[in-house]
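Enquirer: Below are the sequence and a predicted model for it; my questions follow.
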Amino acid sequence: MPSLPRKRSAADAPVIEPGRLGVWAGLASDPIAEAVQEAICEGRLPAGTRLGEEELCRVFGVSRTLVRQALQRLGFAGLVILRPNRSAFVASPTLDDTASAYAARRLIEADVIAEATRHCTANDIRTLRQHLKAQADAKARGHRSELLRLLGEFHLIIAEIGGNAILGDFVRQLVPRTTLSLALFERRDLPFCALDEHRLLIDLMAKGDPKAAAQAMRRHLSSDLGRLAVRPDSEPTVNLAAALRPGAPK
């Protein structure tokens, strides 16, 4: 008979610094990709915006090769759609795509957090609470791009604690899709409850209540979806030079 998973010790707990697992964190090594990613998250580059290579070359004062490398990275991260002979466009997920991704996340992450709750350690809880502080700090500083990365990363940490590599892979595939939808379509006029919901998830894990944690995770992801207002697919007219300037108005 197979042995049951043992309760993890403090030595087994992942040591995770905020930003290491963050959605799109790898883009930080490319200043062009990072600038485009921040402009998308801050609402300066709407869904469907055309990212012309020649214009990007002028904006950043770099070669076409560097621009193409940045666009490839953005495409791999799911932020940009690359179309042969038509340059690149900011991704524009449909409502059906977004709803399907959230439905999959609810199914998978309810099981993930239930398993994580069953064998998490005190060190795991400390890691999650420290991460929540980083989220609150990013929100207080008004750094939406960083906040979105951290909000997605929080779920990746829970998946690591859960210890199921296959389910963790699904979470890593789905989180960037829904984070992109939040970046593009989140309604700013609604109350922001993500941090309170994350705090509740941590508290339920700390209490060792897998059933309640799973239910709270489903509610949390449904709440995220309810904050979105997906607009029709279009190709907005945007001044790239202005949009990619740090601190530019939305």
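Expert: Noted; the coordinates are in hand. Note that the structure is a prediction, hence the values are computed from the model and not measured.

Enquirer: For the rest of this, base every contact and every neighbour count on C-alpha atoms.
Expert: Will do.

Enquirer: hey, where'd the helices end up in this structure?
Expert: For the chain, the helices defined by DSSP state H occupy 31-41, 53-60, 64-76, 95-119, 122-140, 144-162, 165-185, 194-207, 210-226, 240-243.

Enquirer: Now tabulate those in JSON lines and tack on mean neighbour count, mean pLDDT and distance to residue 84.
Expert: What follows is those, written out as JSON lines (neighbours: other C-alpha atoms under 10 Å; pLDDT from 0 to 100; distance: least, C-alpha to C-alpha, whole Å):
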{"stretch": "helix 31-41", "mean neighbour count": "22", "mean pLDDT": "89", "distance to residue 84": "19"}
{"stretch": "helix 53-60", "mean neighbour count": "16", "mean pLDDT": "92", "distance to residue 84": "12"}
{"stretch": "helix 64-76", "mean neighbour count": "18", "mean pLDDT": "92", "distance to residue 84": "12"}
{"stretch": "helix 95-119", "mean neighbour count": "20", "mean pLDDT": "94", "distance to residue 84": "23"}
{"stretch": "helix 122-140", "mean neighbour count": "18", "mean pLDDT": "96", "distance to residue 84": "37"}
{"stretch": "helix 144-162", "mean neighbour count": "23", "mean pLDDT": "92", "distance to residue 84": "29"}
{"stretch": "helix 165-185", "mean neighbour count": "20", "mean pLDDT": "89", "distance to residue 84": "22"}
{"stretch": "helix 194-207", "mean neighbour count": "18", "mean pLDDT": "97", "distance to residue 84": "38"}
{"stretch": "helix 210-226", "mean neighbour count": "19", "mean pLDDT": "96", "distance to residue 84": "32"}
{"stretch": "helix 240-243", "mean neighbour count": "17", "mean pLDDT": "80", "distance to residue 84": "21"}
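
Enquirer: Tabulate those (JSON lines), appending distance to residue 89.
Expert: What follows is the helices of the chain, written out as JSON lines (distance: least, C-alpha to C-alpha, whole Å):
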{"stretch": "helix 31-41", "distance to residue 89": "11"}
{"stretch": "helix 53-60", "distance to residue 89": "11"}
{"stretch": "helix 64-76", "distance to residue 89": "9"}
{"stretch": "helix 95-119", "distance to residue 89": "17"}
{"stretch": "helix 122-140", "distance to residue 89": "28"}
{"stretch": "helix 144-162", "distance to residue 89": "19"}
{"stretch": "helix 165-185", "distance to residue 89": "13"}
{"stretch": "helix 194-207", "distance to residue 89": "29"}
{"stretch": "helix 210-226", "distance to residue 89": "23"}
{"stretch": "helix 240-243", "distance to residue 89": "12"}
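
Enquirer: which one of these lies closest to residue 87?
Expert: helix 53-60 (6.7 Å; C-alpha to C-alpha).

Enquirer: now the closest one against helix 64-76, angle please.
Expert: Angle, helix 53-60 to helix 64-76, by axes from the mean of the first three to the mean of the last three C-alpha atoms, to 10 degrees: 100 degrees.

Enquirer: Export helix 53-60 to PDB, keeping only CA atoms.
Expert: Extracted as PDB, the C-alpha positions of helix 53-60 are listed here (Å, rounded to 0.1, in the frame of the first residue of the first chain):
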ATOM      1  CA  GLU A  53       8.800  47.500 -34.900                       C
ATOM      2  CA  GLU A  54      10.000  50.700 -36.600                       C
ATOM      3  CA  GLU A  55       8.200  52.900 -34.100                       C
ATOM      4  CA  LEU A  56       9.500  50.900 -31.200                       C
ATOM      5  CA  CYS A  57      13.000  51.300 -32.600                       C
ATOM      6  CA  ARG A  58      12.600  55.000 -32.700                       C
ATOM      7  CA  VAL A  59      11.100  55.200 -29.200                       C
ATOM      8  CA  PHE A  60      13.900  53.200 -27.600                       C
END
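
Enquirer: Who are the packing partners of that helix?
Expert: Applying 3 or more C-alpha pairs under 8 Å, 6 or more residues apart in numbering; DSSP states H and E, we find helix 53-60 packed against helix 64-76, helix 240-243.
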